[in-house]
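Asker: Okay, here's the prediction I keep looking at, along with the sequence it came from:
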Amino acid sequence: MKNVVITNPEELLSLEGKTLGTTPWLTMTQQRINLFAEATNDHQWIHVDPEKAAAGPFGACIAHGYLTLSLASDFLDQLIGIENLAMGVNYGCNKIRFPAPVPVGSQIRGKGDVISVEKIGDSLQACIRVTIEIEGSERPGCVVDTISRYSFN
């Protein structure tokens, strides 16, 4: 289920400066971290060695920053649904930060804020800030300004 569903360019333009709400919580599991390590060949002990990580600076394994970032795509899809599209593409990101580590077992969710929406030719370009919150933490695990381009039918 999407937090916000739009069906035309005018509705997307009207979202500039608005908050899209939050997604349901997701548990950061060791299995997810290990699968990401396999996919990226990043087997650093702070991510994949629970015994060594328990004695390390974070007291447990933590998610890769780029794993946390990659979940922004899933969270964005939950935050906004865009219907009547000919095509939508990820165009890039502006600013990405990892303010806090995401420990294994923690609950995370995405919060969306529409920073800007502008016309680019026949398409619209939306910059949506996805803040990946960690339950019980004052600082988020990731803040990313995503850029997407949408062409409507």
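Answerer: It's in. Numbers count the residues shown, from 1 in each chain.
Asker: Break down this protein into its helices, ranges please.
Answerer: Ranges of helices within the chain are 9-13, 30-40, 45-48, 50-54, 65-79, based on DSSP state H.
Asker: Would you mind finding the most buried of the ones you listed?
Answerer: helix 65-79 (a mean of 19; mean count of other Cβ atoms under 10 Å). C-betas here are computed from N, CA, C, even on glycine.
Asker: Relative to Val104, which of the helices of the chain is closest?
Answerer: Set against Val104 and scored by Cβ to Cβ, those come closest in helix 30-40, at 4.9 Å.
Asker: Give me the most central residue, this structure.
Answerer: Most central in the chain under Cα atoms, centre = their mean is Ala72, positioned 1.4 Å from the mean C-alpha point.
Asker: Skip the chain neighbours and tell me the closest residue to it.
Answerer: Among residues not flanking Ala72 along the chain, Val130 sits closest, at 4.3 Å (Cβ to Cβ, 6 or more residues apart in numbering).
Asker: what sits against the one you found?
Answerer: Ala72, Phe75, Leu76, Leu79, Gly110, Lys111, Gly112, Cys142, Val143, Val144, Thr146 (Cβ atoms under 8 Å, 6 or more residues apart in numbering).
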